[in-house]
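A.B. asks: pasted the sequence and its predicted model underneath.
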Amino acid sequence: MPDLAIIGGTGLTSLKGLEIVRREVMYTPYGEPSGPLTHGILNGKQVVFLARHGYGHNIPPHLINYRANLWALKEAGVSRVVAVAAVGGIATALPPGGLAIPDQLIDYTWGRASTFFDQDLTHVTHVDFSWPYDAGLRELLIRACRKSGIEACEHGVYGVTQGPRLETVAEIDRMERDGCAMVGMTAMPEAALARELDMAYATFAVAANWAAGRAGLDVIQMEEIERTLREGMERVRTVLTTLVALL
Ligand code: HPA
């Protein structure tokens with residue numbers, strides 16, 4: 001059984017180097033995941049890959065069926081999830097192309113199906129979420145970066161916005177005051193659902209752009225995002241290949 005799942009975000013709809021063994025179409029009590037699970041071998045280890053936005057990158061962040069995705073991965077036997085995510089850099093340490101392994105998050109999303117505990121209620125369940133990211137899996141990511149000679153911010157708060165639009169300058173100013181180092185649209189409810197299913201979860205973030213109003217930029221250019229992500233995801237792939245050898 002595969003132990004590790006990699007959820008690919010914008011810029012990572014397939015995992016180069018993954019020898020694909022089979023694709024598995026899954027149905028869950030919450031509906032269909034973003035696509036079939038791709039089972040394969042990466043650097044000698046079984047892993048499962050899932051493209052969060054669909055393999056054709058056609059599901060926007062607020063419409064992703066996060067519950068089906070996490071449920072399907074759990075059903076497949078996965079116990080650890082590395083979630084790759086494109087973000088906007090707020091902290092000066094996170095320029096376009098920068099990598100980060102956040103250690104905290106703030107949830108600014110709304111209206112998303114964000115728990116498995118809302119049916120057949122016999123008792124109210126509250127999971128501990130003080131530390132949303134799994135310490136052991138974060139440590140593995142950090143070790144894999146160091147071993148690959150690839151620099152990454154080893155801390156930082158990920159602010160999760162609703163999207164799909166990017167943020168206003170005032171919103172990013174507020175997030176900066178809140179202590180956010182980066183802004184993205186997908187870490188929630190993904191991280192909380194993983195916790196509810198008792199799966200270790202860590203985000204590997206790639207800064208695609210400066211967040212709104214940072215670095216004196218007036219507008220965010222989509223072409224720049226795409227170019228930066230193509231290059232950043234190459235380094236992500238290198239780190240992930242190193243990481244599986246450490247499992
Ligand atoms: N904001 C939110 N999500 C993002 C951004 C951003 O600037 N860049 C990439 N994902």
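C.D. replies: The structure has been received and is ready for your questions.

A.B. asks: tell me which residue of this protein lies closest to the ligand.
C.D. replies: G88 (2.4 Å; C-beta to the nearest ligand atom). Every C-beta, even on glycine, is put in place using the N, C-alpha and C of the backbone.

A.B. asks: show me what contacts the residue nearest to that residue when sequence neighbours are not counted?
C.D. replies: Spatial nearest neighbour of G88, chain neighbours left out: A211 (3.5 Å); criterion: C-beta to C-beta, 6 or more residues apart in numbering. By C-beta atoms under 8 Å, 6 or more residues apart in numbering, the contact list for A211 reads 88-90, 167, 172, 175, 182-183.

A.B. asks: rewinding a little: assign the residue of the chain closest to the ligand to helix, strand or coil.
C.D. replies: Secondary structure, DSSP: H, G, I helix; E, B strand; the rest coil: G88 is strand.

A.B. asks: what number of residues lie near it?
C.D. replies: 27 (other C-beta atoms under 10 Å).

A.B. asks: cool, and V236?
C.D. replies: Close neighbours of V236, defined as other C-beta under 10 Å, add up to 25.

A.B. asks: for it, pull up the helix or strand it's in.
C.D. replies: If you go by DSSP states H and E, V236 is part of helix 222-246.

A.B. asks: and the spatially most central residue of the chain, how close does it get to I7?
C.D. replies: With distances taken as C-alpha atoms, centre = their mean, A83 lies nearest the centre of the chain, 3.2 Å away. Distance, A83 to I7, using C-beta to C-beta, to the nearest Å: 5 Å.

A.B. asks: intersection of neighbour lists for these two?
C.D. replies: With C-beta under 8 Å, 6+ apart, A83 and I7 have common neighbours 52, 190.

A.B. asks: doesn't R143 lie inside a strand?
C.D. replies: No - looking at R143 with three-state DSSP, it is helix, so not inside a strand.

A.B. asks: ok, now which ones touch it?
C.D. replies: R143 is in contact with 243, 246, counting by C-beta under 8 Å, 6+ apart.

A.B. asks: try 7 Å this time
C.D. replies: R143 makes contact with L246 under the criterion C-beta atoms under 7 Å, 6 or more residues apart in numbering.

A.B. asks: so for it, what's the pLDDT?
C.D. replies: With respect to pLDDT, R143 has a value of 98.

A.B. asks: and the contacts of A211, which is closest to A68?
C.D. replies: V183 (25.1 Å; C-beta to C-beta).

A.B. asks: and that closest one, what pLDDT?
C.D. replies: pLDDT, V183: 98.

A.B. asks: for the one 3 residues further on, same thing?
C.D. replies: Reported pLDDT at T186 in the predicted model: 97.

A.B. asks: excluding chain neighbours, what is closest to it?
C.D. replies: That would be P61: by C-beta to C-beta, 6+ apart, it lies 5.1 Å from T186.

A.B. asks: show me what contacts the one you found?
C.D. replies: 163-164, 185-186 are the contacts of P61 under C-beta under 7 Å, 6+ apart.

A.B. asks: ok, now with 8 Å
C.D. replies: P61 neighbours (C-beta under 8 Å, 6+ apart): 53, 162-164, 185-186.

A.B. asks: and the two most separated of those residues?
C.D. replies: So, these by C-beta to C-beta: farthest apart are H53 and Q162, at 15.3 Å.

A.B. asks: pick out whichever of the two has more residues nearby.
C.D. replies: H53 (22 against 16).

A.B. asks: wait, a strand at that one?
C.D. replies: No - applying three-state DSSP, one finds H53 to be coil, outside a strand.

A.B. asks: which one is it nearest to, not counting chain neighbours?
C.D. replies: Closest residue to H53 apart from its sequence neighbours, by C-beta to C-beta, 6+ apart: I59 at 4.8 Å.

A.B. asks: count of residues packed around that neighbour?
C.D. replies: Counted with other C-beta under 10 Å, I59 comes out at 15.
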